[in-house]
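K.L.:
need coordinates for the below:
(one chain, ligands or ions: 1)
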Amino acid sequence: MLRIKNLKCYYGRIMAVKGVSLSVQQGELISLIGANGAGKSTLLGAVCGILPNWRGEIWFENKLLKGLDPPGIVKKGISLVPEGRLIFPPMNVMDNLKLGAYTMYRQKRYKEIARDMDMVINLFPILKQRASQPAGTLSGGEQQMLAIGRALMARPRLLALDEPSMGLAPLMVEKILETLVLLKQQGLTILLVEQNAQAALKIADRGYVLETGKMVLQGPASELLSDTEVKRAYLGKD
Ligand code: ATP
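P.N.:
Numbers count the residues shown, from 1 in each chain. Here you go, the predicted model:
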């Protein structure tokens, strides 16, 4: 579904991602792990049209993605849940969700939007209770649910998430990851970027390990979880 070949990403003349390849098959949940600064967000930025300065090939559903801006990428079927959630704090929860359906509003597809809203609220019932509250008053976990809900409102076929567990209490991390498993069971394809390697690999089909801009390991998530090097470097185990 998504195929990245020899991706190189630049900030000015500095290469932050140095020739990386990765693939995500339809229906898979793939975790991309790596330490702070490894280049994970940069890679997502290239896929989602946020970072224009990259070389290599990014294929999605057998089409080359090149020269598309973020709304163009959303139209192709990829939604991003950005690092730090980036919800709009003064706007209420419902309006934040509606923003995810921006393209569909322009096409006046109101019935479908209402159905999608119901689906998101079924997934995260707390968002209904908070519907008219400013999003900035939600807890960190609720804001993460809102960010995921907003991304789903765009009807993605591939959902990309940048560190959804960041800053959340362990129980909330569990809840968010359980939701991703549920979404996968419903047929959604997921690319999960995480520093929390243990949690991310536990729910993934396959994993990739990025280190200072290079892919150093890849394989079935269960194998990575028991890999000595991964254990030492990312799971805090000897
Ligand atoms: P994090 O978990 O901190 O988000 P990451 O794995 O996502 O880490 P990136 O944020 O992609 O890593 O950063 C990769 C490299 O690119 C780092 O060396 C970082 O300093 C550099 N970098 C990131 N953003 C910029 C920028 N806007 N300008 C210059 N260098 C940048």
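K.L.:
C-alpha only now, for contacts and for neighbours.
P.N.:
Noted.
K.L.:
got a list of what the residue lying closest to Ile87 once chain neighbours are set aside touches?
P.N.:
In this structure, Ile87 finds its nearest non-sequential neighbour in Ala147, 6.3 Å apart by Cα to Cα, 6 or more residues apart in numbering. For Ala147, the contacting residues are Val81, Pro82, Arg85, Leu86, Ile87, by Cα atoms under 8 Å, 6 or more residues apart in numbering.
K.L.:
now swap in Val17 and tell me
P.N.:
With contacts taken as Cα under 8 Å, 6+ apart, Val17 has the following neighbours: Leu7, Lys8, Cys9, Tyr10, Gly39, Thr42, Leu43, Thr212, Gly213, Lys214.
K.L.:
those in strands, which ones?
P.N.:
Per DSSP state E, strands hold the following members of the contacts of Val17: Leu7, Lys8, Cys9, Tyr10, Lys214.
K.L.:
can I get the residues you listed in CSV including distance to the ligand?
P.N.:
Shown next, in CSV, are those (distance: Cα to the nearest ligand atom, whole Å):
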residue, distance to the ligand
Leu7, 13
Lys8, 11
Cys9, 9
Tyr10, 8
Lys214, 11
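K.L.:
farthest-separated two in those?
P.N.:
The distance between the two most remote of these (Cα to Cα) is 13.5 Å, for Tyr10 and Lys214.
K.L.:
report the secondary structure state of the residue nearest to the spatial centre of the chain.
P.N.:
For the chain, the residue nearest the mean C-alpha position is Leu161 (1.4 Å; Cα atoms, centre = their mean). What DSSP: H, G, I helix; E, B strand; the rest coil gives for Leu161 is strand.
K.L.:
wait, it sits on Leu192?
P.N.:
Yes. The criterion here is Cα atoms under 8 Å, and Leu161 meets it with Leu192 at 5.0 Å.
K.L.:
about what we covered before: report the separation between the residue nearest to the centre of the chain and the ligand.
P.N.:
As for Leu161, its distance to the ligand is 11 Å (criterion: Cα to the nearest ligand atom, to the nearest Å).
K.L.:
same thing with Ile30?
P.N.:
From Ile30 across to the ligand, the span is 16 Å (Cα to the nearest ligand atom).
K.L.:
next one: Arg3
P.N.:
Taking Cα to the nearest ligand atom as the criterion, Arg3 is separated from the ligand by 19 Å.
K.L.:
name all residues that make contact with that residue.
P.N.:
Ser21, Leu22, Ser23, Val24, Glu57, Ile58, Trp59, Phe60.
K.L.:
what sits against Arg150?
P.N.:
Asn96, Leu97, Lys98, Leu99, Gly100, Ala101.
K.L.:
let's see which of those residues end up in helices.
P.N.:
The helices, defined by DSSP state H, take in Asn96, Leu97, Lys98, Leu99, Gly100 from the contacts of Arg150.
K.L.:
on that earlier part again, tabulate the contacts of Arg3 (JSON lines), appending secondary structure, distance to Cys48 and pLDDT.
P.N.:
Formatted as JSON lines, those follow (DSSP: H, G, I helix; E, B strand; the rest coil; distance: Cα to Cα, whole Å; pLDDT from 0 to 100):
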{"residue": "Ser21", "secondary structure": "strand", "distance to Cys48": "16", "pLDDT": "98"}
{"residue": "Leu22", "secondary structure": "strand", "distance to Cys48": "15", "pLDDT": "98"}
{"residue": "Ser23", "secondary structure": "strand", "distance to Cys48": "15", "pLDDT": "98"}
{"residue": "Val24", "secondary structure": "strand", "distance to Cys48": "15", "pLDDT": "98"}
{"residue": "Glu57", "secondary structure": "strand", "distance to Cys48": "13", "pLDDT": "97"}
{"residue": "Ile58", "secondary structure": "strand", "distance to Cys48": "10", "pLDDT": "97"}
{"residue": "Trp59", "secondary structure": "strand", "distance to Cys48": "12", "pLDDT": "97"}
{"residue": "Phe60", "secondary structure": "strand", "distance to Cys48": "11", "pLDDT": "97"}
